[in-house]
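S.K.: pasted the sequence and its predicted model underneath.
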Amino acid sequence: MKLTGSEILIECLKREGVKHIFGYPGGVVLNIFDMLYEDKDLKLILTRHEQGAVHAADGYARATGKPGVVLVTSGPGATNTVTGIATASMDSVPLVVITGQVPTMLIGNDAFQEADIVGITRPCTKHNYLVKDVKDLAEVIKEAFHIASTGRPGPVLIDLPKDVTVGKTDFIWPEKVGLEGYKPKYEGNKWMINQAAHLIEKARKPVIVAGGGVIISGAYKELKELAEHTQIPVTTTLMGIGCFPETNKLSLGMPGMHGTYYANKAIQESDLLIALGMRFDDRVTSKTDSFAPNASIIHVDIDPTSIRKNVRVDIPIVGDVKRVLTDLNKALKTEIKGQWGAVRKAWLKQIDEWKKERPLTYTKSDTTIKPQYVVEKIYELTKGDAIITTEVGQNQMWAAQFFKYDVPRTFLSSGGLGTMGFGFPAAIGAQLAFPDKLVIDVAGDGSIQMNIQELATAVLNKLPVKVVILNNGFLGMVRQWQELFYGERYSYSHLDIVPDFVKLAESYGAAGLRATKPSEVEDVLKEGLFKIKKTVFMDFKVDWKEKVYPMVPAGAPIDHMLFEEDEAKEEKKKKLKVVK
Amino acid sequence: MRHTITLLVENKFGVLSRISGLFSGRGYNIESLSVGEEIDPKYSQMTIVTTGDDLIIEQITKQLNKLVDVIKVTDVTEFEHVEREMIIIKVTPKPEKKSEVLNLAGIFRGRVVDSSENTYTIEVTGDEKKIEAFIGLMKPMGIKDLVRTGKVAILREGYKK
């Protein structure tokens, strides 16, 4: 039977198990949208901006592990997806983005709403396609889903000219993909894994650094087994948050620029780093020359290019973290008879001392709302049972620091690209995937305004996303850097006009709440999170002077950290001088 | 250090831009690049000459391997291999130097492929040293124009990898 390109697309999406598409219509995709008009199995979530559509699909994918699907038109519709695609690419999120294109005969003519989106997205997709012949369409879609979701996942873009959406051909669903140049390696090298086991046996001060790859491969059980069996402490990178329970005694929290003192200290003092599904981002390592100076490094990653890109590695293992850890745990149990508890006693004691010496903390206040207090309260009230998305900046770091994540896929944040405006649409995607879960976007007043139009999407689809705005009137992280490193010259980081978020939410049909005093925080959260069953904006007027601590200044070794206490001492000194 | 890397790639549109884009996007050098169809027209063969320290070359080969359209990457520098480049050079020797140019072309097994009243156009094939030597000898004769194919390379048979 002959089908049109649009029919083939819809049929293929269904066979891939797609239930929701995020998108926005336009001229060249009208044939596809017409197919969706009466389709009961495939629902399109109409966002209010194409960037919002991609972030929503991204949030959906991060929360479920399944590829998110986007459908937009050509030209501006396509170019508006670029930030979203780059965000997903940096964080290894599986997406299939379908963009309309002008008819093949017009390509290259600077036609109305034409953009070379395949050229534009080449460096920020895992792979992309321009389909010139409807006969290739089914195979391309099959390949796109396969590439997006296997190996190190990532976004794949399919550019679909209008004439291809009406062209007819026999529909043949390819059972298999035949990609000669794409064969991700899942099994780790056995010899290397054995070497790793022996290094672990010899190590006295080992640390596991677990990244997003542990979540993607679903290796939580294996990681926990490794850590608990060998009594090795675990630090989870921003992307790895949730892959190891933060309430576990062996958890060190997050490492790096705004990581915990004890995570950074442990890395710097360690004699063995076991890096799992992470890529030694500069926000983790800071100055690479002085990163973990005494440690041997075992690096497990499914992407060979991640290995030896930023730091030297002693035992490189290319493979899927879950399979490698399964083999490693087996090797550790059968080949090595270690008295792990006794061997690790001194090291764990040292780490406990560091934990006591410099815990994550902030100065509480009765008069102004501390942003950390709001995040802490959310944790307390939800008992950790929520999906948290974040925007980017101070809100993101506080959400990472002051909420304890025990479950994978519950902290959704733009780590690599650092995209402001990510959290709200991502929360919409996550809420769609888990309608009964509490989904909370921890936002700043700057970031939330970058995709605030998606309020309509949330309200229209009855998605009870909770948006917590830590409102300090500033682009807080920029302000923090300006205060610390630019002599308090707040160049264009003050927002001057911030909308009345309560009224704004209400104007879209969402609920709006506000707290201006610490005593109001709990009531607002209780009402917003639990009582109100629809989209809510909670506006917390927080202390604008608050900074994210600890902090490693750019370019310094990661154990050279700034702390809030030091700042307080400095202030005192200044005041004393004035008195004299 | 200079490396010669050969690639087997899908013969599809856009492959060349993926590869050149990878080099420019990550700040790697391309000294020369040549492409041609394989025996099976489904594939193309590429030879890229690039420079960088060991870590960069390792990244380049890994990054190339990561591209979906790239089927095989070989850094032939590490193995016994044969490499050749062809140049076509147009020289304008003074009348008294004309026979010397022809002599030199003969020594280098070059061929005169075109001549006019004042010019010889000579084709020379060889490895890098030979090509550079020939260009060096032609310089004093007066080079009017010069085109080069870029290197192509192939592994020698019978040498274990």
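M.R.: Perfect, thanks for sending it.
S.K.: just give the number of residues close to the closest residue to A:Thr121 other than its chain neighbours.
M.R.: Closest residue to A:Thr121 apart from its sequence neighbours, by C-beta to C-beta, 6 or more residues apart in numbering or on different chains: A:Leu157 at 5.1 Å. Quick note: C-beta positions are derived from backbone N, CA and C, even for glycine. For A:Leu157, the number of neighbouring residues by other C-beta atoms under 10 Å in any protein chain shown comes to 28.
S.K.: and the host helix or strand of A:Leu157, what does it pack against?
M.R.: A:Leu157 belongs to strand A:155-161 when assigned by DSSP states H and E. Packing partners of strand A:155-161 (3 or more C-beta pairs under 8 Å, 6 or more residues apart in numbering or on different chains; DSSP states H and E): helix A:82-90, strand A:95-101, helix A:117-121, strand A:127-130, helix A:137-149.
S.K.: any idea how far stretch B:1-12 is from the chain center?
M.R.: On the basis of C-alpha atoms, centre = their mean, to the nearest Å, stretch B:1-12 is displaced by 12 Å from the centre of the chain it belongs to.
S.K.: what mean pLDDT does that stretch get?
M.R.: Stretch B:1-12 shows a mean pLDDT of 95.
S.K.: okay, it in CSV with CA atoms only?
M.R.: What follows is stretch B:1-12, C-alpha atoms only, in CSV (Å, rounded to 0.1, in the frame of the first residue of the first chain):
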residue,chain,number,x,y,z
MET,B,1,53.9,15.9,14.6
ARG,B,2,52.4,15.4,11.1
HIS,B,3,50.0,12.5,10.6
THR,B,4,48.4,11.0,7.6
ILE,B,5,45.0,9.6,8.3
THR,B,6,42.9,7.7,5.8
LEU,B,7,39.1,7.4,6.1
LEU,B,8,36.5,5.1,4.6
VAL,B,9,33.3,7.1,4.6
GLU,B,10,29.7,6.8,3.2
ASN,B,11,29.5,8.4,-0.2
LYS,B,12,26.7,10.8,0.8
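S.K.: longest helix of chain B?
M.R.: helix B:54-66 (DSSP state H).
S.K.: flag every buried residue along it.
M.R.: B:56-66 (16 or more other C-beta atoms under 10 Å in any protein chain shown).
S.K.: what is the subsequent helix or strand relative to it?
M.R.: Next along from helix B:54-66, by DSSP H and E: strand B:70-75.
S.K.: what does that following strand rub up against?
M.R.: With contact meaning C-beta atoms under 8 Å, 6 or more residues apart in numbering or on different chains, strand B:70-75 is reached by A:180-181, B:3-10, B:15, B:19, B:43, B:57, B:61, B:64-65, B:155.
S.K.: what distance do you get for A:His55 to chain B?
M.R.: Going from A:His55 to chain B by C-beta to the nearest C-beta, to the nearest Å gives 23 Å.
S.K.: tally of neighbours for the residue nearest to that residue when sequence neighbours are not counted?
M.R.: Spatial nearest neighbour of A:His55, chain neighbours left out: A:Pro425 (3.7 Å); criterion: C-beta to C-beta, 6+ apart. Residues lying near A:Pro425 (other C-beta under 10 Å) number 33.
S.K.: which strands or helices does the longest helix seen in chain A pack on?
M.R.: With secondary structure taken from DSSP H, chain A has its longest helix at helix A:340-357. Secondary-structure packing of helix A:340-357 (3+ C-beta pairs under 8 Å, 6+ apart): helix A:220-230, helix A:261-269.
S.K.: so of these, which one's packed in deepest?
M.R.: helix A:261-269 (a mean of 24; mean count of other C-beta atoms under 10 Å in any protein chain shown).
S.K.: show me what the next helix-or-strand element following that helix is in contact with.
M.R.: With elements assigned by DSSP H and E, the helix or strand that comes after helix A:261-269 is strand A:272-276. Strand A:272-276 has contacts (C-beta under 8 Å, 6+ apart) with A:196, A:199-200, A:202-203, A:205-211, A:213-214, A:219, A:223, A:226, A:232, A:267, A:292, A:295-301, A:321, A:325.
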